[in-house]
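Enquirer: would you be able to build a 3D model of this:
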Amino acid sequence: MQPHSLIRATSLSDAEAVATLYRAAGQSGSGLARTPDEVTLDYVTQFLEASLDGGLALVVVDDDAVIAEIHARLLHPRTFSHILGDLTIAVHPSHQGRGIGRGLFREFLGRVTDDMPHILRVELYAREGNTHAIGMYESIGFQKEGRMVKRVRLPDGTLDNDIPMAWLRDR
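Expert: Numbers count the residues shown, from 1 in each chain. Alright, predicted model coming up:
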């Protein structure tokens, strides 16, 4: 993390800044599933509302700009009430490679551990070709749980596999 960066809870008032971040990350091909033209204010508001309703959403702010964001929502029905899912993390391309994503993820999992004792599992998906992200997720405690063959269509039309991964509180 940069010394003047701040991690804080996301609010709905951050929606436009988060949308701008996601568009920049999508433009760079950073592994987000949505392309920049699919990142609308409505889309961002919907995932923030879902994450703020029993889930968790955090941003990294640097010089008053949102440079990274992570969110996950509480899954339904009650059978899955111990799980945070649909996790997504984005770091602005100009700030990647500085440990911001790793720091944000550690803060996220720390808050889950300290403040959400009912959450026993956090789930995410990573494209198999995104080996850097998978390595980072594994280094902070996520484990691969399978392989979904030809699930992701890349911008060039080729298909990649999706890797479901999970962090378990008791692991």
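Enquirer: all strands for the chain, in order.
Expert: Residue ranges of the strands in the chain, as given by DSSP state E, are 5-9, 56-62, 65-74, 83-91, 121-127, 143-144, 148-153, 159-168.
Enquirer: the first one - what's its average pLDDT?
Expert: By that I understand strand 5-9. Across strand 5-9, the average pLDDT comes to 94.
Enquirer: tell me where the model's unsure across the protein.
Expert: 1-4, 30, 171 (pLDDT under 70).
Enquirer: please report how far the spatially closest residue to residue 5 that is not a sequence neighbour lies from residue 73.
Expert: In this structure, residue 5 finds its nearest non-sequential neighbour in residue 62, 4.6 Å apart by Cβ to Cβ, 6 or more residues apart in numbering. Where C-beta positions appear, they are placed from N, C-alpha and C, glycine not excepted. To residue 73, residue 62 is 25 Å away according to Cβ to Cβ, to the nearest Å.
Enquirer: which of these two has more neighbours?
Expert: Neighbour count, other Cβ atoms under 10 Å: between residue 62 and residue 73, residue 73 has more, with 22 against 17.
Enquirer: for that one, give its distance to residue 137.
Expert: Taken as Cβ to Cβ, the span from residue 73 to residue 137 is 18 Å.
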